[in-house]
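A.B. asks: give me a 3D structure for the following:
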Amino acid sequence: MSTSDQREMSLDSQEEAVRKVLDKQGLEAPPRYVLKVDWTSLDLMACPQFQQLRGWIASGEISAVGVLDRDRLQAQGLQRLLFLSECQEHGVSVITAQGLPMLEGPEGQLVELALALGKERSVLRAQQGARDGLRARALQKGLPPNYQSPYGMKWEDDRLVPDSNYDLACDIWRMGLEGETQWGIAKRLTQRGVSTPGGKRVWKGTTIGKILSNRAYAGTVEALKTEAVEPRRRSKTTYGKTSSRLRPTEERIKLEGLVSRPVVTEDEFQWVQERRRFNQRFASKNTRNRDYLLKGIIKCVLCGRVYTGVCRKSLAYYYCRGRAKTDWGAEKCPAGKLNAPELEEAVFGTVS
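C.D. replies: Residues are numbered from 1 along each chain as shown. A predicted model of the protein is given here:
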């Protein structure tokens, strides 16, 4: 396993160095028992290859573990102690190709535990120092931790100024203020042949959502908006906090005066956020559990019965109860279905 401080040696060169030491001791290492992985986390238990190694030890398939250096097995203190205990229990020796050998016996395991705990504390201090540095940059200097630019703007002399896509960003916000959905805006931009921020042809609603949720367009740059978290579903090739989530608004650091030409006001920004939540709630994909706000209120002009709500193929509609022949001998009402989101938007738009 390769750690961050010794990546100058390739995994192949590390394998070659270990094989030489094993050969001198008369030990063989068949290719299927060679594990090569670039792993920098102290949480070795999350490493699939490490779990595979533990399985070989427990099953008695191997008699020794060869590593380049003792730091190849850097881990959280108790994890390292557990691994060394498992090796001792099954008679598996740990052989290092360079540096000091692993200490054996109960006393040696205690020393290894102390070394692992010391390493763990130093890593945690370094991580906390990095986080504190980013926060100090935002709080004390009034500067963002990074210089990621919102679409339509660029950083120039520690200020966000318009770039060549500024007018298009303004157009996106204009459509947002008109109540257009994210996917509706994306469709219109795609039809116009406008390139996405990544240079692609087809716009996605998620891209529009990122633009319409960025407070920088209202003149406020939010620092430390996200935090690293464990993923809900982990890929076999990942480890650690590989996902991120938005911090609550009150925990973000708000930096003023860094945007030379805001696109919208704070009130307009808040209105768009409310509208996005409304659009999401009544989106077609969410209609099965939606509320039909006009159910039982609107009446059919043809038969006088009230309309009710229904979802068909992920689309929400209002339909006249007279369309179903519930009364014996009654004729089925010919009234057509009404698109629920469009009807509600027209009604509540007029009321507001």
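A.B. asks: now residue 160. Its backbone dihedrals?
C.D. replies: phi -90, psi 120 (degrees, to the nearest 10).
A.B. asks: from now on call the first residue 13
C.D. replies: Happy to do that; since the first residue is 13 now, the last one works out to residue 172.
A.B. asks: that one: how many residues sit nearby?
C.D. replies: Residues lying near residue 172 (other Cβ atoms under 10 Å) number 23. (Glycine included, C-beta is placed from N, CA and C.)
A.B. asks: list the contacts for it?
C.D. replies: 161-162, 165-166, 228, 233, 270-272 (Cβ atoms under 8 Å, 6 or more residues apart in numbering).
A.B. asks: quick one: the helices in the stretch 263-364 of the chain?
C.D. replies: Using DSSP state H, counting those that start in this stretch, the helices of the stretch 263-364 of the chain run over 278-293, 352-363.
A.B. asks: what distance do you get for the spatially closest residue to residue 72 that is not a sequence neighbour to residue 62?
C.D. replies: Nearest residue to residue 72 in three dimensions, chain neighbours excluded: residue 102, at 6.3 Å (Cβ to Cβ, 6 or more residues apart in numbering). The gap separating residue 102 from residue 62 is 16 Å, by Cβ to Cβ, to the nearest Å.
A.B. asks: which one's more surrounded, the two?
C.D. replies: residue 62 (21 against 16).
A.B. asks: show me which positions of the helix or strand harbouring the more buried one end up buried.
C.D. replies: Using DSSP states H and E, residue 62 sits in helix 60-71. Neighbour counts over helix 60-71 (16 or more other Cβ atoms under 10 Å) mark 62, 65-66, 69 as buried.
A.B. asks: so what touches that helix?
C.D. replies: Under the contact criterion Cβ under 8 Å, 6+ apart, helix 60-71 has outside partners 13, 45, 47, 49, 51, 56-57, 74, 77, 95, 98-99, 102, 104, 248-249.
A.B. asks: who does the very next helix or strand once past it touch, helix- and strand-wise?
C.D. replies: Where DSSP H and E defines the elements, the next helix or strand beyond helix 60-71 is strand 76-79. Strand 76-79 sits against helix 23-36, strand 105-108, with contacts defined as 3 or more Cβ pairs under 8 Å, 6 or more residues apart in numbering; DSSP states H and E.
A.B. asks: what sits up against the longest one?
C.D. replies: Counting by Cβ under 8 Å, 6+ apart, the neighbours of helix 23-36 from elsewhere in the structure are 14, 21, 40-41, 46, 48-50, 76, 78-80, 107-110.
A.B. asks: name the nearest of those relative to residue 259.
C.D. replies: Residue 259 lies nearest to residue 50 out of the contacts of helix 23-36, by Cβ to Cβ, at 29.9 Å.
A.B. asks: just give me the neighbour total for that closest one.
C.D. replies: Counted with other Cβ under 10 Å, residue 50 comes out at 10.
A.B. asks: cool, and residue 277?
C.D. replies: 11.
A.B. asks: ranges for the helices of the stretch 63-212 of the chain?
C.D. replies: Along the stretch 63-212 of the chain, counting by DSSP H, counting those that start in this stretch, helices occupy 89-101, 117-153, 178-189, 194-204.
A.B. asks: can you tell me which of these has the worst average pLDDT?
C.D. replies: Mean pLDDT across those is lowest at helix 117-153; the value there is a mean of 60.
A.B. asks: stretch 203-218: which residues count as buried?
C.D. replies: 208-209, 215, 217.
A.B. asks: was I right to think residue 77 contacts residue 107?
C.D. replies: Yes: at 6.9 Å, residue 77 counts as touching residue 107 under the criterion of Cβ atoms under 8 Å.
A.B. asks: and these two? Which one has more around it.
C.D. replies: Using other Cβ under 10 Å, the more surrounded residue of residue 77 and residue 107 is residue 77, with 22 against 17.
A.B. asks: pLDDT score assigned to residue 221?
C.D. replies: At residue 221, pLDDT is 93.
A.B. asks: doesn't it fall inside a helix?
C.D. replies: Yes: membership of residue 221 in a helix is supported by DSSP: H, G, I helix; E, B strand; the rest coil.
A.B. asks: so what's it up against?
C.D. replies: 194, 288.
A.B. asks: what's the separation between it and residue 284?
C.D. replies: Counting by Cβ to Cβ, the gap from residue 221 to residue 284 is 11 Å.
A.B. asks: care to break the chain down by domain?
C.D. replies: 16-133, 154-293, 296-363 (automatic domain parsing).
A.B. asks: residue ranges with poor pLDDT in this protein?
C.D. replies: 13-20, 86-89, 115-155, 157, 246-254, 293-302, 336-342, 361-364 (pLDDT under 70).
A.B. asks: mind listing what residue 322 touches?
C.D. replies: So residue 322 contacts 328-331 (Cβ under 8 Å, 6+ apart).
A.B. asks: neighbour-wise, which one of these leads?
C.D. replies: In terms of neighbour count, residue 328 stands highest of the contacts of residue 322 at 24 neighbours, by other Cβ under 10 Å.
A.B. asks: residue 38: neighbouring residues, count only.
C.D. replies: Residue 38 has 6 neighbours, counted by other Cβ under 10 Å.
A.B. asks: how about it, secondary structure?
C.D. replies: Residue 38 ends up coil, using three-state DSSP.
A.B. asks: look up how far residue 227 lies from it.
C.D. replies: 66 Å.
A.B. asks: identify, from the buried residues of helix 60-71, the entry nearest to residue 198.
C.D. replies: Of the buried residues of helix 60-71, the one sitting nearest to residue 198 (Cβ to Cβ) turns out to be residue 62, at 43.3 Å.
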